[in-house]
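Trainee: this one's structure only:
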């Protein structure tokens, strides 16, 4: 649970309220807990309107809509709940596990991004590092991954036996193992 101080005071006891994140999203809570259990939801009355797009649903041919959910923006069919199509963000890399699906960018509950096979639940491949659609020049692995380091972002081979690594163009420091 994360906390950040805000200039807001509890209506019951007058203590400072802090921003907290729980399983139902962010909320304000009194710092006097457990004596004062005052909380206030942040999303009350602040629903972001859906934005119609110039795309059609491949399943039912209705318009697609840009929606805002708990984990950020997503594009889905305007015919929900009859049509439950949600457009996936493909990144152009074939799944290394099932060799059939393509990898998709997804969001976890805590907001961090991960990459998984588009054939889920048949294939359960996931990666925390962003796959890059390039073969490894050293070992021939079918894709590389983008990793954040203290000295900058690098493109590296996910194969544990391979040491290939190069700095991303425009990154601050160049790291190269050969």
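Mentor: That came through fine. On a predicted model such as this, the values are computed, not experimentally measured, just so you know.
Trainee: worst-scoring helix or strand of the chain, pLDDT-wise?
Mentor: Counting by mean pLDDT, DSSP states H and E, the chain has its least confident helix or strand at strand 3-9, which shows a mean of 58.
Trainee: Show me the shaky parts of this protein.
Mentor: Applying pLDDT under 70 to the chain flags the ranges 1-7, 43-47, 70-71, 170-178.
Trainee: Quickly list what residue 155 is bridged to.
Mentor: residue 146, residue 166 (DSSP bridges).
Trainee: Could you check stretch 68-85 and say which residues are buried?
Mentor: 75, 76, 77, 78, 79, 85 (16 or more other C-beta atoms under 10 Å). Just so you know, the C-beta spots here come from the backbone N, C-alpha and C atoms, and that holds for glycine as well.
Trainee: Between which two of those is the distance greatest?
Mentor: Across the buried residues of stretch 68-85, the longest distance by C-beta to C-beta is 13.3 Å; it joins 75 and 79.
Trainee: Chain neighbours aside, what residue packs nearest to residue 15?
Mentor: Excluding its sequence neighbours, the residue lying closest to residue 15 (C-beta to C-beta, 6 or more residues apart in numbering) is residue 32, at 4.4 Å.
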